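[1] return atomic coordinates for the entry below.
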Amino acid sequence: MECKRIFIIAPPFYSHFSPMMALAVCFRRAGASVVVGCSASFSDSIKGAGLEFAELEITRNANTGVAEKTEQPAEEAERIRAFIEATKRGALETLRFQNRNRQLDMLADPERIREEINVFAGRFKPDFFVVDQLSYAVSLALYCLQLPFITFCPGHPTYIPQEDQLFGVPYAWPPEFDIADMELAELRNEASGVRDHFTAMFNAIIQEYDSRLPLIRDAFRFASESAQLFNYPDFGGLHKDRDGPKKIFLGYCFTEEGLNRSWQEMLAAAGERYPRVLVSFGTFLSAREDVLRKTVAGIANRFPQSLCIVSAGASAPALRDLENDGTIVR
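    Here you go, the predicted structure:
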């Protein structure tokens, strides 16, 4: 089937929006007419890339680049702060916090979202939609409306769990992590409860909308039956069963940009320092100044002649003391 009209629904999170935009631009270059549905805060980026914009709010929270500075409801801003605090108490507490808040984040206002998507489907008549795997309310809406879609998995492939994997529980732990069996069992039990509760919410909405539709066995595993795109290299160990939906590992999706003059001069001034290491932890860990300090110290200890470039976000002013011939903080 020739697909000329594509509607991409992107969440208002920069880390998810950016790779989906790269995909949208590729579709456009291939000759497709592309509409990107997202919150108004991303409209300039979408229009600037030569794509059509449709305003669609699919979640209560947002991250337009630095979550702590993004305008959003006070309750959502407080939950971001609480999450950052949870990371200071360790991996298990961080995962538990995410489990406890999951259904609040991932299934907000499903009826309104379904109605708005239905309006856009009639207006733009896309051949198919592209949906972020973690935008569960969107996938649910498309399923209820029986509209064709493919799934884009922005992070690790286990965002779509396989076999005995549980969403919210790492399938493997670094050897440095000493996780007691009892603690891991408690985490799995909690994640199982969240899965069951979330799936029940899914099915209640499906049943209310159209009782003829089959119910979902696991909401976290629910994804397109046609194609699943992974923003990840294929290392061969995950999603090996290729008998179901077509699974495409795209590598890392990004829009290539050249270095501006300021960065070119900065790197030239650094001389022959190698290796050159970029530290970019994203929104949440960039708020952890202590983690960034330990990382920079570890790199300098292991590679004394390295050039370490730290993307510190809002933490940059507090980390200026780290700057020297081998460390750049921005």
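
[2] C-alpha only now, for contacts and for neighbours.
    Fine.

[3] what about the nearest residue to residue 38 once chain neighbours are set aside, neighbour count?
    Leaving aside its sequence neighbours, residue 38 sits nearest to residue 56 (Cα to Cα, 6 or more residues apart in numbering; 4.9 Å). Neighbour count for residue 56, taken as other Cα atoms under 10 Å: 19.

[4] is residue 56 in contact with residue 42, as I believe?
    No. Using Cα atoms under 8 Å, residue 56 is not in contact with residue 42, being 10.6 Å away.

[5] still on that earlier bit, for the residue nearest to residue 38, give me its contacts.
    Neighbouring residues of residue 56 by Cα atoms under 8 Å, 6 or more residues apart in numbering: 37-40, 113, 116.

[6] what about residue 122, how many neighbours?
    That count, for residue 122 with other Cα under 10 Å as the rule, works out to 9.

[7] and the helix or strand harbouring it, average pLDDT?
    For residue 122, the host element (DSSP states H and E) is helix 110-124. Rounded to a whole number, the mean pLDDT of helix 110-124 is 97.

[8] mind saving the C-alpha coords of the helix or strand that comes right after that helix as PDB?
    Using DSSP H and E, the helix or strand that follows helix 110-124 in sequence is strand 128-132. Extracted as PDB, the C-alpha positions of strand 128-132 are listed here (Å, rounded to 0.1, in the frame of the first residue of the first chain):
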ATOM      1  CA  PHE A 128      -1.800   5.700   9.100                       C
ATOM      2  CA  PHE A 129      -0.900   7.300  12.400                       C
ATOM      3  CA  VAL A 130       2.500   7.000  14.200                       C
ATOM      4  CA  VAL A 131       2.200   6.800  18.000                       C
ATOM      5  CA  ASP A 132       4.800   6.900  20.800                       C
END
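
[9] what score does residue 153 have for pLDDT?
    97.

[10] typo on my end, residue 318
    Model confidence at residue 318, given as pLDDT, is 95.

[11] what's the burial count for it?
    Neighbour count of residue 318, defined by other Cα under 10 Å: 11.

[12] give me the three-state assignment for it.
    The assignment at residue 318 comes out as helix when based on DSSP: H, G, I helix; E, B strand; the rest coil.

[13] find the nearest non-adjacent residue to it, please.
    Computed as Cα to Cα, 6+ apart, the closest residue to residue 318 that is not its neighbour in sequence is residue 289, at 7.8 Å.

[14] the one you found contacts residue 315, correct?
    Yes. Contact criterion Cα under 8 Å: residue 289 and residue 315 qualify, at 6.4 Å.

[15] looking at it, residue 154 is touching residue 16, isn't it?
    Yes. Assessed by Cα under 8 Å, residue 154 is found in contact with residue 16 at 6.0 Å.

[16] so what's in contact with these two at the same time?
    The contact sets of residue 154 and residue 16 overlap at residue 132 (Cα under 8 Å, 6+ apart).

[17] of the two, who's got more company?
    Higher neighbour count among residue 154 and residue 16: residue 154, with 22 against 19, using other Cα under 10 Å.

[18] so how far is residue 321 from the residue nearest to that one when sequence neighbours are not counted?
    Nearest non-adjacent residue to residue 154, counting by Cα to Cα, 6+ apart: residue 231, 5.1 Å away. Separation of residue 231 from residue 321 (Cα to Cα, to the nearest Å): 35 Å.

[19] on that earlier part again, quick one: buried residues of the helix holding residue 122?
    Under the neighbour-count criterion of 16 or more other Cα atoms under 10 Å, helix 110-124 has 110, 113-114, 117-118, 120-121 buried.

[20] one more: stretch 138-155?
    Neighbour-count burial for stretch 138-155 flags 138-145, 147, 149-155 (criterion: 16+ other Cα under 10 Å).

[21] can you pull out the residues in contact with that stretch?
    16, 19-20, 58, 110-111, 113-114, 117-118, 127-134, 159-160, 202, 206, 209-210, 213, 223-232.
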